[in-house]
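J.: here are the coordinates; sequence isn't available:
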Ligand code: SF4
Ligand code: SF4
Ligand code: SF4
């Protein structure tokens, strides 16, 4: 419902794709464009580097540290708002506090402190394929052994194992900074996700294509390191592929489009359509313990769960059919359960059992909870 007064109008306009929302998107595009290309000349036009002088004035080592500071502040301020908004919900309060903590430490302070001690800038909260370079031989050779082991074991063992036990949510809703920003500063825009079946069809293709590209790029870069001196043409191709992936996926889709589209396309455009880590975790999630449990015959079809699902999942359709579900794209944010006025939905980590047992369990729950 729209609040009265000019502030109410502004809030509604900003969160319902009004002119101010489009202006904010344009502003974010400009911000990211200057961040990435400031100081360079593109097509004969010199792009001003606005952020390096600010970083220097603040005694920060680079514009990227300044950006990290802004990102952390956005998560901290947005997180405080989310904690206040969902203060009665323990899951949301703890989850958001962890998100702020992880961003402030593992994704900001620790990498910065490492550089002060002349160590490589290493992000413990990001793993391959989000951080592609952690599997590139040139990066591996420049890192201390504990970092190399963490990258390899974290990506190949920890991510899938925790994904089986806790689904995608342990990473996408508790650790990853991209999800962290979406679920804090992006909270007012979560309802803007595209709910159409076309979006779902696109998502299934786009996310697996990005995963395929990340695998091919990694394989090419590793292979070119192995045979590079003997096959310089192959090395050149691998280097081009690496730069292309870096530009299209890491810069354009994850950095620029991923955040700039918040006010008009919702908060999880990158996560939903392009993140290669999401593709891996989604596949694991389908076979793991995580699911959303639906209480039988409780749904009143109000549609709040579907409206506020940031991944565009039609939660209501499952609830109407009294059907527990696991969707590869679900990031386990828990907001569908939070906004449901009838307490129909519950996020669970339990091995699936046979349907008979499920309905008996639902019956018992109904009986004892009234
Ligand atoms: S989908 Fe990808 S970018 Fe988004 S929170 Fe998960 S791992 Fe991070
Ligand atoms: S289904 Fe629920 S828990 Fe999953 S992403 Fe949507 S709102 Fe979040
Ligand atoms: S919010 Fe609850 S009651 Fe409303 S449609 Fe979803 S599951 Fe049904």
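T.: In hand now; what should we look at? In this text the structure is predicted, and so the values were computed from the model without any measurement. Ligands and ions are numbered 1, 2, ... in the order given.
J.: show me the contacts for the closest residue to ligand 2 within the stretch 1-150 of the chain.
T.: Nearest residue of the stretch 1-150 of the chain to ligand 2 (CB to the nearest ligand atom) works out as residue 91 at 10.4 Å. For glycine as for every other residue, the C-beta is placed from the backbone atoms N, C-alpha and C. Residue 91 makes contact with 334, 338, 347, according to CB atoms under 8 Å, 6 or more residues apart in numbering.
J.: number of nearby residues for the spatially closest residue to residue 288 that is not a sequence neighbour?
T.: Nearest residue to residue 288, sequence neighbours excluded (CB to CB, 6 or more residues apart in numbering): residue 164, at 3.9 Å. By other CB atoms under 10 Å, 15 other residues sit near residue 164.
J.: what's near enough to touch residue 164?
T.: 284, 287-289.
J.: return the residues of the protein in contact with ligand 3.
T.: 299-305, 315-316, 319, 340, 342, 344-345 (CB under 6 Å from any ligand atom).
J.: buried only: go through those for me.
T.: Buried members of the residues of the chain next to ligand 3, counted by 16 or more other CB atoms under 10 Å: 299, 304-305, 315-316, 319, 340, 344-345.
J.: now, which of those residues lie within strands?
T.: Mapping these onto strands (DSSP state E) picks out residue 345.
J.: state the distance from the closest residue in space to residue 74 that isn't next to it in sequence to residue 267.
T.: In this structure, residue 74 finds its nearest non-sequential neighbour in residue 185, 4.3 Å apart by CB to CB, 6+ apart. Separation of residue 185 from residue 267 (CB to CB, to the nearest Å): 9 Å.
J.: which of these two has more neighbours?
T.: The neighbour count for residue 185 versus residue 267, taken as other CB under 10 Å, is higher for residue 267 (30 against 22).
J.: who wins on neighbours among the contacts of residue 164?
T.: Those, ranked by neighbours (other CB under 10 Å): first place residue 288, 22 neighbours.
J.: hmm, it is touching residue 161, no?
T.: No. The criterion here is CB atoms under 8 Å, and residue 288 misses it with residue 161 at 9.5 Å.
J.: sorry, back to before: can you tell me which of the contacts of residue 164 lies nearest to ligand 3?
T.: Of these, the one sitting nearest to ligand 3 (CB to the nearest ligand atom) turns out to be residue 289, at 21.5 Å.
J.: correct me, but that closest one touches residue 165?
T.: Yes. Between residue 289 and residue 165 there is a contact at 5.8 Å, judged by CB under 8 Å.
J.: next, the residue nearest to residue 46 when sequence neighbours are not counted: phi, psi?
T.: Distances taken as CB to CB, 6+ apart place residue 40 nearest to residue 46, at 7.9 Å, with adjacent residues excluded. Note on residue 40: its backbone torsions stand at phi -110, psi 170 [degrees, to the nearest 10].
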